[in-house]
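*Asks:* coordinates only, sequence not included:
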Ligand SMILES: [Zn+2]
């Protein structure tokens, strides 16, 4: 693979003022943009509102980046769900790589993964999981990968990266949201989570060496560009997560092991988990999870025993520093 043209020396700090703006962070994955600018990834693929395109193109051209656009291929593919007025952008330091990614067909997962900067071990594991199980759901995959994950460092926390895994199977949910005019609220929810990650792929293990290296390098690049954003990322990604499924999770201020979480409070980011369930956890100070139940305790006294519907309904991801 040709080495991308290096421009890092020409832009030592990627315009912190524009990248750090809240309205920009809500519209594009700034973490990915910084990764491409710093040569840590060849290409990033995102879905944005068309109205945001002139700003983004102007930023890219003043930083020596190529910005190729294409219409969304399928409803619900990569990113916000407001399809009228959205487009896909492929940003790269080498235009030919951006164009190659747009031409990659559905079956070319390994080359696509390489262009997007995903470690080969992680791409292979994901492809074999999907082939074996015929299941591309993130919650099934992370449940299957827990045994391979002896550690959960903050730099490999990908629990909130939903925009990149909005798949066709979410279409009924997306259509229902659009019908109820809830699309804007859902997009705001996704926008709030858009930058909450350091790796944008699904790791083969949360202790995958190459994913940890990439996450650390991206963290250093974000720190150089926007130290406040880096500090916020580290804080939110270092907290234990109880994961129920796409768009439904709880984050705790506390510490966790593989079966339990001791916490002082629920933390941001908030998810779409129903309020009744959230209230049960906010009344407690510890949670334990086994194969049948999720139990909530307060000062050692059992408050709630919540039966699991599936074995992967309530997965503890014990992220920490
Ligand atoms: Zn890996």
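*Replies:* In hand now; what should we look at? Note that the structure is predicted; figures quoted are calculated from it, not measured. Numbers count the residues shown, from 1 in each chain.
*Asks:* Could you pull up phi and psi at residue 153?
*Replies:* Backbone torsions for residue 153, taken as degrees, to the nearest 10, come to phi -70, psi 150.
*Asks:* can you check the one 5 residues further on too?
*Replies:* Backbone torsions for residue 158, taken as degrees, to the nearest 10, come to phi -120, psi 20.
*Asks:* residues touching it, list them.
*Replies:* Neighbour list for residue 158: 197, 199-203 [criterion: Cβ atoms under 8 Å, 6 or more residues apart in numbering]. No exception for glycine: its C-beta is placed from N, CA and C like everyone else's.
*Asks:* Can you sort out which of the residues you listed also neighbour the ion?
*Replies:* Restricting these to those adjacent to the ion (criterion: Cβ under 5 Å from the ion) removes every one of them.
*Asks:* Tabulate those (a markdown table), appending pLDDT, secondary structure and neighbour count.
*Replies:* A markdown table is the format used below for these (pLDDT from 0 to 100; DSSP: H, G, I helix; E, B strand; the rest coil; neighbours: other Cβ atoms under 10 Å):
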| residue | pLDDT | secondary structure | neighbour count |
| --- | --- | --- | --- |
| 197 | 95 | coil | 26 |
| 199 | 95 | coil | 26 |
| 200 | 91 | coil | 23 |
| 201 | 92 | coil | 22 |
| 202 | 90 | coil | 21 |
| 203 | 93 | coil | 26 |
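*Asks:* I'd say residue 20 and residue 228 touch.
*Replies:* Yes. Between residue 20 and residue 228 there is a contact under Cβ atoms under 8 Å: 7.3 Å.
*Asks:* Settle it for me: which of those two has more neighbours?
*Replies:* The residue with more neighbours, out of residue 20 and residue 228 and counting by other Cβ atoms under 10 Å, is residue 20; that gives 16 against 10.
*Asks:* ok so, going back, what is the nearest of the contacts of residue 158 to the ion?
*Replies:* Relative to the ion, the closest of the contacts of residue 158 is residue 203; by Cβ to the ion it sits at 5.4 Å.
*Asks:* close enough to count as contact, the closest one and residue 124?
*Replies:* No. Residue 203 is beyond contact range of residue 124, at 11.9 Å (criterion: Cβ under 8 Å).
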